[in-house]
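> Below are the sequence and a predicted model; questions follow.
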Amino acid sequence: MQYQHETLLGDWRRYSRDRLLTQPQSALLPPLLPARSWMVDLFTLCGPTGSLEHGLDHLRHRSRATLRCEIDDTARRRRLPSWAGRLADGEPEWLDHLDSAIRATHQAAVAPYWSRVKAHLRAEHSTLGRLMLSSGVERMLAALHPRARWDSSVLHLPAAYDQEIHLQGRGLLIAYSVYCWPFAVPVYDGDDDGVPPRLFVPAARDLLTLNQITALSPPDEGTLGALIGHTRAALLYAMADGHATTSDLARRVGVSLASMSQHTAVLRGAGLISTRRTGMAVHHALTPLGHHVLEEQTR
C-alpha cells in the first residue's frame, strides 16, 4: 500500500513547519537534510548517545577528517551549499551555527512530543526484551517489524531499496525511530572499522499508531503555560532531554539572561527543576516532579 508524502506524520509536519518559521536559526538544516535526497548523516556525526546535549558534544569533538569524509560523501551525490565546506573544515563558527540549528529544530519538532515518543519507545523496548528472554534472539529479531522474517540466520526486512549487509561478527545496533516509516533503514559505514552497522526500525506498527504519537494537539506549552506561564512552560520542555545551562536555555527559549534567574527561581521553588553550579556554568535539570508534570500533558 502506498501513502502520500504528506499523509505520513501529516499533523506533525504542519505543526513543526509553523514552529520552525519562528526559529530562523533552524534554516541551516534543510540544505543538509532534504526530504527526498541524500542527507548528511548526523547520526554518524553525533553518535548513539542518550541525550541531545551529549550528541552535540560528540559532534563538536569529531575529527576534521570525519567531518570532511561525511560532507564529501554527500557532496559526491548532490550539490551542497558553499558553506558546507567550512563545516567540513570544522570551523568553530560554523559548528556553532549547526549546533544552534539542531537545537532550534529539536525544540520545534521533537521536544513537544518527546514525553509521548519516549513512553512509546520504552513500551516497545520492554516488549522486545521480554520476548527475547522468553523465546530467544531469533524470535525477537523476527518481531522487529510486521514484515520481518528470520530465515537460516538471515534477517529480512522491508526497506526502500535492496541491500545486503554482512555483519562479519561486528554485531548490529538496533534503534527504534518514530520518524522512519514504513521501512527499516540500514546504515553501514564500510570504512569505519569497529563500528557496527545500525538498523533503524519504525517504532509504530501501523499508520494509526504513528499519527497518534504525533497528533496535531501535542503535549506543548498550552495547558501548562496557562498554569505557570508560557515562558516557564517552554523552559521545562527545553529541559526535557537533559540538563542545560542558563545561557543554553535563554538561547533556546528566546529570553534574556537577565530574566532567566527569576524564571528558574520560580521553577526551582515549585520543585520542578534542580540547579547546580559547575565552575562558571549553572546547570538546570528537571526533577522527578518536573518530568511527571510534562508526562501528564500527554494523557
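Perfect, thanks for sending it.
> Grab the nearest non-local neighbour of residue 28.
residue 101 (3.8 Å; Cβ to Cβ, 6 or more residues apart in numbering). From N, CA and C alone the C-beta is placed, and that goes for glycine too.
> which outside residues touch the strand or helix carrying the one you found?
Using DSSP states H and E, residue 101 falls within helix 92-109. Contacts of helix 92-109 from elsewhere in the structure, counted by Cβ atoms under 8 Å, 6 or more residues apart in numbering, are 12, 16, 19-20, 22-23, 25-29, 42, 52, 56, 59-60, 83, 86-87, 237-238, 241, 248, 251-252.
> Quick check: ChimeraX command selecting the buried ones in the residues you listed.
Selection of the buried residues among the contacts of helix 92-109 in ChimeraX, burial being defined by 16 or more other Cβ atoms under 10 Å:
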select :12,16,19,20,23,25,26,28,29,42,52,56,59,87,237,238,241,248,251,252
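> Next step: the contacts of helix 92-109 restricted to helices.
Mapping those onto helices (DSSP state H) picks out 12, 16, 19-20, 42, 52, 56, 59-60, 86-87, 237-238, 248, 251-252.
> Show me which of those residues is closest to residue 279.
Proximity of these to residue 279 (Cβ to Cβ) peaks at residue 248, which lies at 14.9 Å.
> Could you tell me how far that closest one is located from residue 271?
22 Å (Cβ to Cβ, to the nearest Å).
> Contact partners for residue 63?
residue 90.
> mean confidence for stretch 233-252?
Computed over stretch 233-252, the mean pLDDT rounds to 80.
> which parts of that stretch are buried?
Quick answer for stretch 233-252 (16+ other Cβ under 10 Å): 233-241, 243-246, 248-252.
> Tell me where the chain is predicted with low confidence.
Flagging of the chain using pLDDT under 70 yields the residue ranges 1-7, 188-195, 215-227, 241, 296-299.
> which residues in it form strands?
All strands of the chain, identified by DSSP state E, fall at 149-151, 154-156, 173-177, 185-187, 198-202, 244-245, 273-278, 281-286.
> got a markdown table for those strands, with distance to residue 79 too?
Listed next are the strands of the chain as a markdown table, based on distance: least, Cβ to Cβ, whole Å:
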| stretch | distance to residue 79 |
| --- | --- |
| strand 149-151 | 39 |
| strand 154-156 | 35 |
| strand 173-177 | 27 |
| strand 185-187 | 23 |
| strand 198-202 | 26 |
| strand 244-245 | 35 |
| strand 273-278 | 43 |
| strand 281-286 | 40 |
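> Many thanks, we can stop here.
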